[in-house]
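>>> got a predicted model here, sequence first, then my questions.
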Amino acid sequence: MWLRRQLLRWRSDMETITTYSPQLEQVQQAALALKSVIVKTPLTRSERLSKMMNCDVWLKREDLQPVRSYKIRGAYHKINSIPPEERGKGIVCASAGNHAQGVAFSCRTLEVQGTIYMPQTTPTQKIEQVRMFGEDFVTIELAGDSFDDSYAIALEVARGTGRHFVHPFDDPQVIEGQATVALEILEQATRPPDFVFIPVGGGGLASGLGTIIKQLSPGTKVIGVEPLGAPAMKRSLDEGQHITLDAIDTFVDGAAVRKVGKLTLPICRESLDAVVTVPEGKICETLLQLYNRDAIVVEPAGAMSMAALDLFSEEIKGRQVVCVVSGGNNDITRTAEIKERALLYNNLKHYFIVKFPQRAGALKQFVADILGPDDDITHFEYTKKSNR
């Protein structure tokens, strides 16, 4: 009932920004164009999550694409849709990583020259992957501290040079390419799923997949999941207007945007039954569980759909649930931070700043009298100050 009330409120409160909506025929054509390029990723049952959540949980493994994320679908379909004479001028894009890899792979496959703008904070692993997939067909430019900075620079370059800009989410052909995930889910599922959980960044995957699911399986509830530190879609839907967040937590780099798309926002308003947020620490906990218990390597954005299952524990009991594992491009150098955030989220690790009296035995007294028998000190730093 809550989901229905939420959807009705979104529909009544927000003015329509655009009338565009991905159509089934267009998505089917995109699927044909992608057939020789992408992998039809498996839909596999998770025994662990099914037992834990007391339902039937299936994982759509988009982390197994050639570029280890679903982004190849939209990027290739967009570039392939550009007339050859226009493609010859080259293309420009901005990305924090996964879209860049999809664009790089597509540029090499279609033999198109591309310039890819990435934030200076992009993990090294993703930069190296872009170089590997694009080879001599792409040039990487590190510019700005966030996706929004890189986006502004790339858009200006595209306008100044007349090259096509390949948007990571706010483009009809990109949305239609991402929507092909929905066709595969419904083809592979043993029956129409009761719930589909989708990670939400700019909204390209959510808008495309959500629309096709609703057209072909109207009884399926489609749930969008955002990181708590970057709730651009939820805020926009709740407030009935296109919100630009003042600040975001960029930890979930595959889904952290300050503003969702002008095309994707109204589509998501119509096709999503709810958008929920998940704390970054919970995402890290889920990521570590997938690695340690299921031998599945995902990036933070790739774990979001599963991290939200707890929020719907009652609604999904006995139901068939599909979680989209959107990507697996995780940088091993982030492991320490991922573990740290998971421990802090579960209240298993804390930081304290303690002022000790400057006398012998003060630290010993703290350890003996304050710490519990099961507490450990994992990091200790001492600074002596003089107070005359």
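Thanks, I have the structure now.

>>> which intervals of this protein have sub-threshold pLDDT?
1-18, 385-388 (pLDDT under 70).

>>> the strands in it, which residues?
For the chain, applying DSSP state E gives strands covering 43-45, 56-61, 91-94, 114-118, 138-142, 164-165, 195-199, 221-227, 274-278, 320-325.

>>> packing partners for the fourth one?
To tie it back to what came earlier, the one meant is strand 114-118. When contacts are defined as 3 or more Cβ pairs under 8 Å, 6 or more residues apart in numbering; DSSP states H and E, strand 114-118 packs onto strand 91-94, helix 98-110, helix 124-134, strand 138-142, helix 147-161. Yep, even glycine has a C-beta here, placed from its N, CA and C like the rest.

>>> list the helices and strands the third one packs on?
Contacts of helix 124-134 with other secondary structure elements, assessed using 3+ Cβ pairs under 8 Å, 6+ apart, are made with helix 98-110, strand 114-118, strand 138-142.

>>> list the buried residues for the longest helix along the chain?
Using DSSP state H to define each element, the chain has its longest helix at helix 172-188. Within helix 172-188, the residues scored as buried using 16 or more other Cβ atoms under 10 Å are 172-186.

>>> and the helices and strands packed on strand 114-118 as JSON lines, adding distance to residue 348 and mean neighbour count?
Below are the helices and strands packed on strand 114-118 laid out as JSON lines (distance: least, Cβ to Cβ, whole Å; neighbours: other Cβ atoms under 10 Å):
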{"stretch": "strand 91-94", "distance to residue 348": "38", "mean neighbour count": "28"}
{"stretch": "helix 98-110", "distance to residue 348": "30", "mean neighbour count": "27"}
{"stretch": "helix 124-134", "distance to residue 348": "27", "mean neighbour count": "18"}
{"stretch": "strand 138-142", "distance to residue 348": "36", "mean neighbour count": "17"}
{"stretch": "helix 147-161", "distance to residue 348": "32", "mean neighbour count": "18"}
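
>>> including distance to residue 29, could the ones you listed go into a markdown table?
Listed next are the helices and strands packed on strand 114-118 as a markdown table, based on distance: least, Cβ to Cβ, whole Å:
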| stretch | distance to residue 29 |
| --- | --- |
| strand 91-94 | 21 |
| helix 98-110 | 17 |
| helix 124-134 | 25 |
| strand 138-142 | 26 |
| helix 147-161 | 25 |
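
>>> re the thing from before, tell me the one among the buried residues of helix 172-188 nearest to residue 317.
Nearest to residue 317 among the buried residues of helix 172-188: residue 185, at 21.1 Å, using Cβ to Cβ.

>>> show me what contacts that closest one?
Taking Cβ atoms under 8 Å, 6 or more residues apart in numbering, we find residue 185 in contact with 43, 60, 193, 196, 209, 213, 322.

>>> with these in mind, which one is nearest to residue 83?
residue 209 (27.4 Å).

>>> can I assume that closest one is in contact with residue 183?
No - Residue 209 is beyond contact range of residue 183, at 9.3 Å (criterion: Cβ atoms under 8 Å).

>>> still on that earlier bit, okay if I get the helices and strands packed on helix 124-134 as CSV plus distance to residue 292?
Below are those laid out as CSV (distance: least, Cβ to Cβ, whole Å):
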stretch, distance to residue 292
helix 98-110, 23
strand 114-118, 30
strand 138-142, 33
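
>>> which one of these lies nearest to residue 56?
helix 98-110 (28.3 Å).

>>> just the angle between that closest one and strand 138-142, please?
160 degrees (axes from the mean of the first three to the mean of the last three Cα atoms, to 10 degrees).

>>> name the nearest residue to residue 141, ignoring sequence neighbours.
residue 117 (4.9 Å; Cβ to Cβ, 6 or more residues apart in numbering).

>>> to clarify, my last question referred to residue 327.
Residue 327's closest residue in space is residue 69 (Cβ to Cβ, 6+ apart), at 3.4 Å.

>>> and what of residue 171?
Closest to residue 171 by Cβ to Cβ, 6+ apart is residue 78, at 5.9 Å.

>>> same question, residue 231
residue 277 is the one closest to residue 231 (Cβ to Cβ, 6+ apart), at 4.9 Å.

>>> what about that neighbour, how many neighbours?
Residue neighbour count, defined by other Cβ atoms under 10 Å, stands at 21 for residue 277.

>>> distance check, it against residue 181.
To residue 181, residue 277 is 22 Å away according to Cβ to Cβ, to the nearest Å.

>>> list the contacts of residue 77.
30, 33-34, 173-174, 176-177.

>>> could those residues go into JSON lines alongside distance to residue 152?
What follows is these, written out as JSON lines (distance: Cβ to Cβ, whole Å):
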{"residue": "30", "distance to residue 152": "28"}
{"residue": "33", "distance to residue 152": "30"}
{"residue": "34", "distance to residue 152": "30"}
{"residue": "173", "distance to residue 152": "22"}
{"residue": "174", "distance to residue 152": "19"}
{"residue": "176", "distance to residue 152": "25"}
{"residue": "177", "distance to residue 152": "24"}
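
>>> wait, which of those residues is closest to residue 243?
So of the contacts of residue 77, ranked by how close each gets to residue 243 (Cβ to Cβ), first place is residue 174, at 21.6 Å.

>>> hang on, that closest one packs against residue 167?
Yes - applying Cβ under 8 Å, one finds residue 174 in contact with residue 167, separated by 6.1 Å.
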